[in-house]
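# Compute the structure for the input listed below.
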Amino acid sequence: MTTSPRQRAEEWLTSFESALRARDVDAAAALFAPDSFWRDLVAFTWNITTVEGRAGVADLLSATLDQAGPQGFELTDEPTEADGVVDAWIRFETTTGRGTGHLRLKPEGAWTLLTTLRELKGFEESQGTRRPQGVEHALSKGRLSWKERRAAEAASLGREQQPYVVVIGGGQGGIALGARLRQLGVPALVVDKHERPGDQWRKRYKSLCLHDPVWYDHLPYLPFPANWPVFSPKDKIGDWLEMYTRVMEVPYWTRSTVRSAAFDPSAGAWRVTVERDGDTVELNPVHVVFATGMSGKPNKPVFPGQDIFRGEQQHSSEHPGPEAYRGKRVVVVGSNNSAFDICGSLWENDADVTMVQRSSTHIVKSATLMDVGLGDLYSERAVAAGVTTDRADMIFASIPYRIMHEFQIPLYAEMASRDADFYARLEKAGFRHDWGSDGSGLFMKYLRRGSGYYIDVGAADLVADGRVKLAQGQVDHLTEDAVVLDDGTTLPADLVVYATGYGSMNGWVADIVDQETADKVGKVWGLGSDTPKDPGPWEGEQRNMWKPTRQENLWFHGGNLHQSRHYSLYLALQLKARYEGLPTPVYRLAETHHRG
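Below you'll find the model as predicted:
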């Protein structure tokens, strides 16, 4: 007899919960397809991890079932079915929290399962029906106003009151995490070297603009207004971050540089030395989070002749804008997002620009990416279809990284067909273009290596038409007035911009803590896909991001605005649980395979 998608999903959930209640790990694992994936975001594992196949499911449950105590699995929406696969949204409880998730069912069993912790029992956020009163409707002598309480808190934090968490880096990632911790009642402090929140954006090159659309970029709790532009200019997003920091009451120190940090195993806490406005302050948090950004540690190449070059040299992160270089000869080393943006703005200001392409680059036109790649999840079309930002985030999270490329390849094949003439023009100009090692395009390149792509907002046409000149090869050396490539090509230059990307975030650990700790933690970012710049072995998740690392009480947070928003919840819940003394046994702490 044919059963409905709802019947199939409910029967599976009932069988799964029965097996869990009976602590019958083998029976629970048998409910999964032979080729299956269970992705858990903190709910069962106090980790961010994915297991594969029935053996992986059995291993996860054997290690976590007694502690997690899962129960109450039920549907939250009407399941759907397409191509024999049932999609179902679920909720459940564990001993310590409440969670939501997603299930994909094939005839042979569960194909994918996502479980996520959304709140801790007894420590729910003060929002909705639990929102704070905001005022005491009782008079008392000496009663402080909200402003006075905030001022007293700011004056004592880091002195009379030590933060439980110090977040190093006050860009979008640090601010989002700071807001989450504030709402959860975790004493935290975000520390940043700039004068104002948002300066991380304001101080970048003039033409910088978010390449991701507004629906993809909302911050926790406070989405952009309905009239916000699709693509945010850097100064506008900087102002938003500053406003958000104030409105969300994020404890935030500006003009504060972390000089050193050391972990004391006997005390289970850190000593963090901060230089703030000329004073030296020592903080003693239990946890330290590096939110210094994937694009925070510049890769500054070293070439012979840099010391004799008479012009200017800048990393792309230091480029002030194009105005001073009108009529100048500029060589931009690199061919990814920053390189194209800088070349485009220099060309607009009448500089003589040459791009040096060192390796193949993936390019996708912005409008096509918005429509084909993101339109079903992050767009007005998606909003009209009832796909909220949170639902879109969960859909993305429900696809295990092992098979995500299979979902991406057809999308990029459609993009290639739609913009075939554009790619033919690039190829004719000699530009080396690729679609990723397996045709999966931009998003997988981002997840695997965080580089190697450009979302085209016009500058690719300049290269295709020859208005920005193209040279290819590796830089061999500089002379007094030129860049010389390895084939002998000489490129006269008054300015050299090194759009050479950024290094692993554990480079900041080496600078602030020590090299031994950086090596202990290992490389940050990448999946272990064994594709270019993402060496194996397979990790199954982003290395070291948003989860426990090999260094006790040291965490990493960041990524794009979407990831900062979504994963800040799971990192904040892990920190809150530890702050409240809840048991947090970590399942399958990741190994360290790469130091750099």
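
# Could you list the alpha-carbon positions for stretch 366-374 in CSV?
C-alpha atoms of stretch 366-374 as CSV (Å, rounded to 0.1, in the frame of the first residue of the first chain):
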residue,chain,number,x,y,z
SER,A,366,26.6,38.3,-10.1
ALA,A,367,23.1,38.4,-11.5
THR,A,368,23.4,34.8,-12.6
LEU,A,369,24.7,33.6,-9.2
MET,A,370,21.9,35.5,-7.5
ASP,A,371,19.2,33.9,-9.7
VAL,A,372,20.5,30.3,-10.2
GLY,A,373,22.7,29.8,-7.2
LEU,A,374,20.9,31.6,-4.4
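
# can you pull the contacts of the nearest residue to G503 once chain neighbours are set aside?
Excluding its sequence neighbours, the residue lying closest to G503 (C-beta to C-beta, 6 or more residues apart in numbering) is K297, at 4.4 Å. Yep, even glycine has a C-beta here, placed from its N, CA and C like the rest. For K297, the contact set (C-beta atoms under 8 Å, 6 or more residues apart in numbering) comprises Y502, G503, S504, M505, G507, W508.

# longest strand anywhere in the chain?
Identified as the longest strand of the chain according to DSSP state E is strand 109-120.

# following it, which helix or strand shows up next?
helix 146-156 (DSSP states H and E).

# how about the helices in the stretch 301-450 of the chain?
For the stretch 301-450 of the chain, the helices defined by DSSP state H, counting those that start in this stretch occupy 337-348, 366-368, 380-384, 389-397, 401-418, 420-428, 441-448.

# re the thing from before, now, among the contacts of K297, which is nearest to V230?
Y502 (25.8 Å; C-beta to C-beta).

# partners of the closest one in the sheet?
Y502 has the following beta-bridge partners by DSSP bridges: P298.

# thinking again about what came up before, for the helices of the stretch 301-450 of the chain, which one sits closest to V186?
helix 389-397 (21.5 Å).

# angle of the closest one against helix 441-448?
80 degrees (axes from the mean of the first three to the mean of the last three C-alpha atoms, to 10 degrees).

# Identify all contacting residues around helix 389-397.
With C-beta under 8 Å, 6+ apart, helix 389-397 has contacts from 39, 41, 89, 100, 102, 114, 116, 215, 218, 223, 377-378, 382, 387, 562, 565-566.

# Give me the buried entries from those residues.
Those of these that meet the buried threshold are 39, 41, 89, 100, 102, 114, 116, 215, 218, 377-378, 382, 387, 562, 565-566, by 16 or more other C-beta atoms under 10 Å.

# low pLDDT regions in the protein?
1-2, 295-296, 596 (pLDDT under 70).

# how about a cut-off of 80?
Applying pLDDT under 80 to the chain flags the ranges 1-2, 136, 294-296, 596.

# looking at it, which residue ends up farthest from its center?
Centroid-distance maximum for the chain: K141 at 47.9 Å, with C-alpha atoms, centre = their mean.

# Next up, the contacts around S437.
T531, P532.

# go on, K576?
L120, F123, L181, L184, G185, V186.

# how many neighbours does F422 have?
19 (other C-beta atoms under 10 Å).

# doesn't S366 make contact with it?
No: counting by C-beta atoms under 8 Å, F422 stays clear of S366, with 11.8 Å between them.

# tell me the SS of H477?
When classified by DSSP: H, G, I helix; E, B strand; the rest coil, H477 comes out as strand.

# my read: it touches F303, true?
Yes: between H477 and F303 there is a contact at 5.6 Å, judged by C-beta under 8 Å.

# So between those two, which is more surrounded?
Set H477 next to F303 and count neighbours by other C-beta under 10 Å: F303 wins out with 18 against 15.

# show me what contacts the more buried one?
F303 neighbours (C-beta under 8 Å, 6+ apart): V475, D476, H477, L478.

# Please tell me how far the third one sits from D307.
So that's H477. Per C-beta to C-beta, to the nearest Å, H477 is found 11 Å from D307.
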